[in-house]
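Enquirer: Sharing a model that was predicted from the sequence below.
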Amino acid sequence: MKPRRAIAVFFVLPFFGLVVGLLVIAALAGGLPANQAVRPVVNAAYNAAYVPAAYREWVVKAGAMCPEVTPQLLAAQLEQESGWDPEAKSPVGATGIAQFMPGTWVTWATDGDLNGTADIKSAPDAIMAAARYDCALAAQVRAYVEDGKAQGDIQDLMLAAYNAGPDRVRQYGGIPPYTETQNYVRTIRKLMEKYQQIVPDIAVGTPFGDAVVDFAMRQLGLPYSWGGGDERGPTDGFGAKGAGIYGFDCSGLVIYAVYNASGGQISLPHLSQLQVTMGEPVDRNAMRPGDVIGFDPKRDGDYSHIGIYIGNGQMVHAPKPGDVVKVSNLSESFYANSNWLVRRFG
């Protein structure tokens with residue numbers, strides 16, 4: 001990473017206010033009562049559309065390493081540092097997609113892709129190392145704030161420490177009065193806008209189905225990961241199609257959206273074949289946004305895929321390995337020619 005280089009970031013962390021405790025109701029009972037309301041939440045959702053496809057998985061995975069280092073932050077840094085070029089090399093010797101100086105790489109070298117080597121020119125290695133470095137700075141400036149030695153937003157102080165060094169943050173009790181450092185923070189905040197999508201708050205009184213759609217749509221662009229996703233959000237999956245991939249599979253996305261839309265009251269199993277047996281049966285001609293659609297492509301009773309209806313003949317889903325959470329048309333032959341089961345949970 002090149003020292004004293006202006007990059008920038010601002011991110012409002014998503015959080016979900018759950019009004020009900022850990023009570024889990026049986027989805028077999030038919031879901032929530034009509035007019036069930038959800039608590040308001042705020043969200044600046046990560047938008048992976050401008051991240052090169054080869055790096056999306058690594059940006060998401062590294063962006064879950066600590067609260068202050070989000071995918072948006074890393075995307076902004078990587079664009080600013082190298083323009084996403086893993087072969088980039090600056091006149092002063094900064095190398096790779098994250099522009100580590102060789103001396104700094106000795107300390108932060110990371111075997112991100114677990115291939116047995118930590119290569120400064122390997123995008124997975126450098127992206128994971130960049131997140132480790134940022135998280136360490138965040139921990140350091142957080143300690144300053146907790147000890148009364150600095151004031152300010154932890155992310156802003158982390159970026160200031162990245163640019164000017166943590167000792168300067170401590171010396172000045174916050175962002176140092178250097179024009180370059182202050183521009184650094186402002187620049188990243190602006191660049192972050194490219195990699196995030198401000199999603200309107202889900203307000204109290206939002207219809208349950210609309211809330212299901214909103215929660216699912218916030219995950220657009222995250223990788224498919226077999227076995228990935230739970231009530232809290234994306235996770236690492238398992239097996240050849242999920243291990244080391246931070247994202248959702250089709251039923252994991254449904255679990256997340258329904259659980260959060262229900263205020264934590266409906267917890268579904270991680271299996272599409274079971275999800276389609278729960279909730280209230282709905283005729284496919286009477287679907288509403290938020291209904292869950294199971295697909296049996298071989299027409300043999302195996303509902304191997306599931307998605308969330310969003311209206312206008314479309315659904316949001318996690319389709320298959322190598323793909324991402326996205327919107328698809330139900331008129332596509334794979335879906336149109338399958339047997340359907342539609343369920344409603346509230």
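Expert: Right, received. Where do you want to start? Numbers count the residues shown, from 1 in each chain.

Enquirer: Find the nearest non-adjacent residue to V282, please.
Expert: The shortest distance from V282 to any non-neighbouring residue, by Cβ to Cβ, 6 or more residues apart in numbering, is to V342 (4.3 Å). For every residue, glycine as well, the C-beta is placed using N, CA and C.

Enquirer: Correct me if wrong: the one you found contacts R284.
Expert: Yes. Judged on Cβ atoms under 8 Å, V342 makes contact with R284 at a distance of 5.4 Å.

Enquirer: Need the per-residue pLDDT for W105.
Expert: Confidence at W105, expressed as pLDDT, is 96.

Enquirer: hmm, I was thinking of G221
Expert: pLDDT, read off for G221, is 88.

Enquirer: what's the neighbour count on it?
Expert: Look at G221: counted by other Cβ atoms under 10 Å, it has 21 neighbours.

Enquirer: so who does the residue lying closest to it once chain neighbours are set aside touch?
Expert: Distance criterion Cβ to Cβ, 6+ apart; nearest residue to G221, sequence neighbours excluded, is A48 at 3.2 Å. Applying Cβ atoms under 8 Å, 6 or more residues apart in numbering, we find A48 in contact with 56, 59-60, 71, 195, 220-222, 324.

Enquirer: the strands in the chain, which residues?
Expert: Using DSSP state E, the strands found in the chain span residues 41-46, 196-202, 235-236, 246-247, 280-282, 292-296, 305-311, 314-317, 326-329, 339-344.

Enquirer: Can you give the strand pairings for the last one, parallel or anti for each?
Expert: In other words, strand 339-344. Under the criterion DSSP bridges, strand 339-344 sits next to strand 280-282 (antiparallel), strand 292-296 (antiparallel) in its sheet.

Enquirer: List the buried residues in the longest one.
Expert: When you say that, I think you mean strand 292-296. For strand 292-296, burial by neighbour count (16 or more other Cβ atoms under 10 Å) applies to 292-296.

Enquirer: Helices along this structure, start to end?
Expert: Using DSSP state H, the helices found in the chain span residues 53-62, 71-82, 102-108, 123-146, 154-164, 166-172, 179-192, 208-217, 250-261, 272-275, 333-336.

Enquirer: Please compute how far stretch 117-128 lies from its chain's middle.
Expert: Computed by Cα atoms, centre = their mean, to the nearest Å, the separation of stretch 117-128 from the middle of its chain amounts to 21 Å.
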